[in-house]
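Chemist: sequence unknown, structure follows:
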(Lines give C-alpha, C1' and ligand atoms only; values in the text may rest on other atoms or scores of the structure.)
Protein backbone atom coordinates (compact mmCIF):
# COMPACT_ATOMS: atom_id res chain seq x y z
CA UNK A 1 0.00 0.00 0.00
CA UNK A 2 1.06 3.54 -0.66
CA UNK A 3 1.07 6.14 2.05
CA UNK A 4 -1.23 9.05 1.27
CA UNK A 5 0.29 12.43 2.00
CA UNK A 6 -2.29 15.15 2.46
CA UNK A 7 -1.63 18.36 0.63
CA UNK A 8 -1.27 21.29 2.98
CA UNK A 9 -2.62 24.62 1.79
CA UNK A 10 -0.77 27.44 3.48
CA UNK A 11 -3.62 29.98 3.60
CA UNK A 12 -6.79 28.22 2.38
CA UNK A 13 -9.22 31.12 2.82
CA UNK A 14 -6.86 33.55 1.11
CA UNK A 15 -6.43 31.12 -1.79
CA UNK A 16 -10.21 30.71 -2.15
CA UNK A 17 -11.03 34.42 -1.91
CA UNK A 18 -8.23 35.26 -4.34
CA UNK A 19 -9.47 32.68 -6.83
CA UNK A 20 -13.05 34.00 -6.50
CA UNK A 21 -11.73 37.53 -7.14
CA UNK A 22 -9.81 36.21 -10.17
CA UNK A 23 -12.87 34.43 -11.52
CA UNK A 24 -14.95 37.61 -11.15
CA UNK A 25 -12.35 39.63 -13.05
CA UNK A 26 -12.17 37.02 -15.82
CA UNK A 27 -15.97 36.87 -16.15
CA UNK A 28 -16.32 40.65 -16.29
CA UNK A 29 -13.55 40.87 -18.90
CA UNK A 30 -15.28 38.22 -20.99
CA UNK A 31 -18.72 39.82 -20.69
CA UNK A 32 -17.38 43.21 -21.76
CA UNK A 33 -15.41 41.68 -24.61
CA UNK A 34 -18.46 39.74 -25.80
CA UNK A 35 -21.13 42.39 -25.41
CA UNK A 36 -19.86 45.65 -23.97
CA UNK A 37 -20.05 49.02 -25.69
CA UNK A 38 -17.68 49.42 -28.64
CA UNK A 39 -14.63 51.61 -28.26
CA UNK A 40 -11.31 52.17 -26.57
CA UNK A 41 -12.71 52.55 -23.02
CA UNK A 42 -14.19 49.05 -23.17
CA UNK A 43 -10.92 47.64 -24.47
CA UNK A 44 -9.12 49.26 -21.54
CA UNK A 45 -11.70 47.90 -19.08
CA UNK A 46 -11.23 44.40 -20.53
CA UNK A 47 -7.45 44.71 -20.03
CA UNK A 48 -7.99 46.01 -16.50
CA UNK A 49 -10.25 43.13 -15.52
CA UNK A 50 -8.00 40.55 -17.24
CA UNK A 51 -4.77 41.75 -15.58
CA UNK A 52 -6.61 41.93 -12.26
CA UNK A 53 -7.70 38.32 -12.75
CA UNK A 54 -4.10 37.32 -13.42
CA UNK A 55 -3.01 39.11 -10.24
CA UNK A 56 -5.65 37.33 -8.17
CA UNK A 57 -4.96 33.85 -9.57
CA UNK A 58 -1.18 34.20 -9.20
CA UNK A 59 -1.57 35.82 -5.76
CA UNK A 60 -3.85 33.01 -4.62
CA UNK A 61 -1.30 30.46 -5.78
CA UNK A 62 1.42 32.38 -3.91
CA UNK A 63 -0.61 32.37 -0.69
CA UNK A 64 -1.97 28.87 -1.00
CA UNK A 65 0.97 26.74 -2.00
CA UNK A 66 3.97 28.32 -0.27
CA UNK A 67 5.04 25.00 1.25
CA UNK A 68 5.69 23.58 -2.21
CA UNK A 69 7.74 26.42 -3.71
CA UNK A 70 11.29 27.57 -3.51
CA UNK A 71 11.90 31.07 -2.18
CA UNK A 72 12.96 32.27 -5.64
CA UNK A 73 9.79 30.94 -7.27
CA UNK A 74 7.60 32.50 -4.58
CA UNK A 75 9.37 35.85 -5.09
CA UNK A 76 8.75 35.58 -8.84
CA UNK A 77 5.05 34.85 -8.26
CA UNK A 78 4.78 37.83 -5.94
CA UNK A 79 6.48 40.09 -8.51
CA UNK A 80 3.98 38.97 -11.17
CA UNK A 81 1.14 39.61 -8.70
CA UNK A 82 2.27 43.15 -7.85
CA UNK A 83 3.01 44.08 -11.46
CA UNK A 84 -0.39 42.75 -12.55
CA UNK A 85 -2.15 44.74 -9.81
CA UNK A 86 -0.40 47.88 -11.02
CA UNK A 87 -1.29 47.17 -14.64
CA UNK A 88 -4.91 46.49 -13.71
CA UNK A 89 -5.19 49.77 -11.83
CA UNK A 90 -3.56 51.68 -14.69
CA UNK A 91 -5.88 50.16 -17.31
CA UNK A 92 -8.98 50.82 -15.19
CA UNK A 93 -8.00 54.42 -14.46
CA UNK A 94 -7.29 54.98 -18.16
CA UNK A 95 -10.64 53.40 -19.05
CA UNK A 96 -12.55 55.58 -16.59
CA UNK A 97 -10.83 58.73 -17.81
CA UNK A 98 -11.15 57.94 -21.52
CA UNK A 99 -14.91 57.42 -21.54
CA UNK A 100 -17.50 60.18 -21.76
CA UNK A 101 -18.43 59.95 -18.07
CA UNK A 102 -20.73 62.96 -18.14
CA UNK A 103 -23.23 61.18 -20.38
CA UNK A 104 -24.62 58.94 -17.64
CA UNK A 105 -24.97 59.75 -13.98
CA UNK A 106 -25.51 56.02 -13.43
CA UNK A 107 -22.09 55.25 -14.93
CA UNK A 108 -20.26 57.65 -12.65
CA UNK A 109 -22.27 56.45 -9.64
CA UNK A 110 -21.19 52.84 -10.25
CA UNK A 111 -17.56 53.91 -10.73
CA UNK A 112 -17.64 55.98 -7.52
CA UNK A 113 -19.00 52.97 -5.62
CA UNK A 114 -16.26 50.78 -7.08
CA UNK A 115 -13.59 53.28 -6.10
CA UNK A 116 -15.02 53.78 -2.62
CA UNK A 117 -15.19 50.04 -1.98
CA UNK A 118 -11.64 49.59 -3.27
CA UNK A 119 -10.33 52.27 -0.93
CA UNK A 120 -12.28 50.81 2.00
CA UNK A 121 -10.91 47.35 1.20
CA UNK A 122 -7.35 48.66 1.03
CA UNK A 123 -7.82 50.45 4.37
CA UNK A 124 -9.02 47.22 5.98
CA UNK A 125 -6.15 45.31 4.39
CA UNK A 126 -3.65 47.81 5.81
CA UNK A 127 -4.93 47.24 9.37
CA UNK A 128 -3.79 43.61 9.46
CA UNK A 129 -7.35 42.69 10.52
CA UNK A 130 -7.89 39.09 11.61
CA UNK A 131 -11.13 37.32 12.48
CA UNK A 132 -10.30 34.00 14.04
CA UNK A 133 -7.53 31.81 12.71
CA UNK A 134 -8.54 31.62 9.07
CA UNK A 135 -10.07 34.95 7.94
CA UNK A 136 -7.58 37.80 7.68
CA UNK A 137 -7.09 41.26 6.18
CA UNK A 138 -6.28 39.84 2.74
CA UNK A 139 -9.49 37.80 2.71
CA UNK A 140 -11.58 40.81 3.73
CA UNK A 141 -9.98 42.84 0.94
CA UNK A 142 -10.66 40.11 -1.64
CA UNK A 143 -14.34 39.91 -0.69
CA UNK A 144 -14.77 43.70 -0.79
CA UNK A 145 -12.79 44.00 -4.03
CA UNK A 146 -14.97 41.37 -5.70
CA UNK A 147 -17.97 43.58 -4.99
CA UNK A 148 -16.02 46.62 -6.20
CA UNK A 149 -15.26 44.82 -9.48
CA UNK A 150 -18.98 44.34 -10.02
CA UNK A 151 -19.47 48.08 -9.55
CA UNK A 152 -16.66 48.83 -12.02
CA UNK A 153 -18.20 46.38 -14.47
CA UNK A 154 -21.58 48.11 -14.23
CA UNK A 155 -19.88 51.46 -14.73
CA UNK A 156 -18.00 50.11 -17.74
CA UNK A 157 -21.31 49.06 -19.31
CA UNK A 158 -22.35 52.69 -19.34
CA UNK A 159 -25.91 52.03 -18.23
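Modeler: Great, that's in hand. This one's a predicted model, so the numbers in the text were calculated from it and none came from an experiment.
Chemist: neighbouring contacts of the helix-or-strand element of the chain with minimal mean pLDDT?
Modeler: Using mean pLDDT, DSSP states H and E, strand 130-131 stands out as the lowest-scoring helix or strand of the chain, at a mean of 84. Here strand 130-131 makes contact (CB atoms under 8 Å, 6 or more residues apart in numbering) with 136, 137, 140. To be clear about C-beta, it is placed using only N, CA and C from the backbone, and glycine gets the same treatment.
Chemist: got the phi and psi for residue 158?
Modeler: phi 70, psi 20 (degrees, to the nearest 10).
Chemist: any buried residues in the lengthiest helix in the chain, and which?
Modeler: Ranked by residue count under DSSP state H, the longest helix found in the chain is helix 71-98. By neighbour count on 16 or more other CB atoms under 10 Å, the buried set for helix 71-98 is 74, 77, 80-81, 84-85, 87-88, 91-92, 94-96.
Chemist: hmm, back to that, pull up the pairing partners for the least confident helix or strand of the chain, direction included.
Modeler: Sheet pairing of strand 130-131 (DSSP bridges) gives strand 135-136 (antiparallel).
Chemist: following the host helix or strand of residue 15, which helix or strand comes up?
Modeler: Secondary structure assignment for residue 15, by DSSP states H and E: helix 12-35. Scanning forward in sequence from helix 12-35 by DSSP H and E, the next helix or strand is helix 40-64.
Chemist: tell me what angle that following helix forms with helix 71-98.
Modeler: 160 degrees (axes from the mean of the first three to the mean of the last three CA atoms, to 10 degrees).
Chemist: give me the nearest residue to residue 138, chain neighbours excluded.
Modeler: Excluding the flanking residues, the one nearest residue 138 by CB to CB, 6 or more residues apart in numbering is residue 14, at 5.0 Å.
Chemist: pretty sure that neighbour sits against residue 135.
Modeler: No: the pair residue 14 and residue 135 does not pass the contact test of CB atoms under 8 Å, sitting 9.1 Å apart.
Chemist: so these two - more neighbours on which side?
Modeler: Ranked by neighbour count (other CB atoms under 10 Å), residue 14 and residue 135 place residue 14 first, with 23 against 15.
Chemist: would you turn the buried residues of helix 71-98 into CSV with pLDDT and distance to residue 62?
Modeler: CSV is the format used below for the buried residues of helix 71-98 (pLDDT from 0 to 100; distance: CB to CB, whole Å):
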residue, pLDDT, distance to residue 62
74, 94, 6
77, 96, 4
80, 98, 9
81, 97, 6
84, 98, 11
85, 97, 12
87, 98, 17
88, 98, 16
91, 97, 22
92, 96, 22
94, 95, 26
95, 93, 27
96, 89, 28
